[in-house]
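*Asks:* here is a sequence with its predicted model. Questions after.
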Amino acid sequence: MQQSELVNLIEQVLDGNHNAFDKLITEFRSMVLTLAYQKLGNFSNAEEVAQETFIKAWQNLRALKDKTRFPAWLCTITANLCTDYLRRNPRVVSLNGSTNNQAADINKDNKVNNNSTNEVMQAVRELTDLQQQVITLRFQKGMSGAEIARQLGQSPEAVRAALYRAIKTLRNRLKPL
């Protein structure tokens, strides 16, 4: 989505157009879900956090000064809500260095495929937040480095460095696969 189109949609939302907010949800839902899933390791929990994220975005959209930063702002809201979710639900443990019983139960059936998927997801979760966001935007949303830099409010050099380090780390970690 072009920045001008994004700003236009946000302006429409602020003017009371609910359909414009639906378009924003459609555009950014997969990004928010992916980030939440990376943090929580459970799809149903990620969906719950994604829903909370869009509610919070709806309620606080007027506070967003630079409308072009909407995707980065959404990522920040998502990350904060994941942290809150993990605090409220101590039995759900982030896969950042520990296990998640719900994810383990779901994955018992298809061991080979799921073990590989789990290893990849675990390796991604071990990346820094910036690296996770860059990897997600690059490989799930197909965004260019310049687009990612604009979305996250980072310099193109910082995005390239984060992407390089993330890929290098993932290659080393996942070499056995």
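*Replies:* Nice, I can see it. This is a predicted model, so every value here is computed, not measured. Numbering: from 1, shown residues only.
*Asks:* rest of the way, CA atoms for contacts and neighbours
*Replies:* Noted.
*Asks:* low-confidence ranges, the chain, go.
*Replies:* 90-117, 177 (pLDDT under 70).
*Asks:* centroid residue for it?
*Replies:* Leu35 (2.2 Å; Cα atoms, centre = their mean).
*Asks:* contacting residues around it?
*Replies:* Cys75, Thr78, Ala79, Gln132, Gln133, Thr136 (Cα atoms under 8 Å, 6 or more residues apart in numbering).
*Asks:* what about the second one, neighbour count?
*Replies:* Right, the one you point to is Thr78. 27 (other Cα atoms under 10 Å).
*Asks:* buried residues in the helix or strand that contains it?
*Replies:* Element membership for Thr78 (DSSP states H and E) is helix 70-88. Residues 70-79, 81-83, 85-86 are the ones in helix 70-88 that count as buried (16 or more other Cα atoms under 10 Å).
*Asks:* go on, stretch 153-170?
*Replies:* Neighbour counts over stretch 153-170 (16+ other Cα under 10 Å) mark Gly153, Pro156, Val159, Arg160, Ala162, Leu163, Ala166, Ile167, Thr169, Leu170 as buried.
*Asks:* quick one, what contacts the second one?
*Replies:* Residues near Pro156 by Cα under 8 Å, 6+ apart: Gly145, Ala146, Ile148, Ala149.
*Asks:* most neighbours among those residues, which one?
*Replies:* Of these, with other Cα under 10 Å as the count, Ile148 tops at 25 neighbours.
*Asks:* so where does that one fall, helix or strand?
*Replies:* helix 145-152.
*Asks:* hang on, the earlier thing: export the helix holding Thr78 as PDB, just CAs?
*Replies:* The C-alpha coordinates for helix 70-88 follow below in PDB (Å, rounded to 0.1, in the frame of the first residue of the first chain):
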ATOM      1  CA  PHE A  70       0.900   3.400  11.100                       C
ATOM      2  CA  PRO A  71       2.400   0.000  10.400                       C
ATOM      3  CA  ALA A  72       5.300   0.500  12.900                       C
ATOM      4  CA  TRP A  73       2.800   1.900  15.400                       C
ATOM      5  CA  LEU A  74       0.600  -1.300  14.900                       C
ATOM      6  CA  CYS A  75       3.700  -3.500  15.500                       C
ATOM      7  CA  THR A  76       4.400  -1.700  18.700                       C
ATOM      8  CA  ILE A  77       0.800  -2.100  19.900                       C
ATOM      9  CA  THR A  78       1.000  -5.800  19.000                       C
ATOM     10  CA  ALA A  79       4.300  -6.400  20.800                       C
ATOM     11  CA  ASN A  80       3.100  -4.600  23.900                       C
ATOM     12  CA  LEU A  81      -0.200  -6.500  24.000                       C
ATOM     13  CA  CYS A  82       1.700  -9.800  23.600                       C
ATOM     14  CA  THR A  83       3.800  -8.900  26.600                       C
ATOM     15  CA  ASP A  84       0.600  -8.000  28.500                       C
ATOM     16  CA  TYR A  85      -1.000 -11.300  27.400                       C
ATOM     17  CA  LEU A  86       1.900 -13.300  28.700                       C
ATOM     18  CA  ARG A  87       1.800 -11.500  32.000                       C
ATOM     19  CA  ARG A  88      -1.900 -12.100  32.400                       C
END
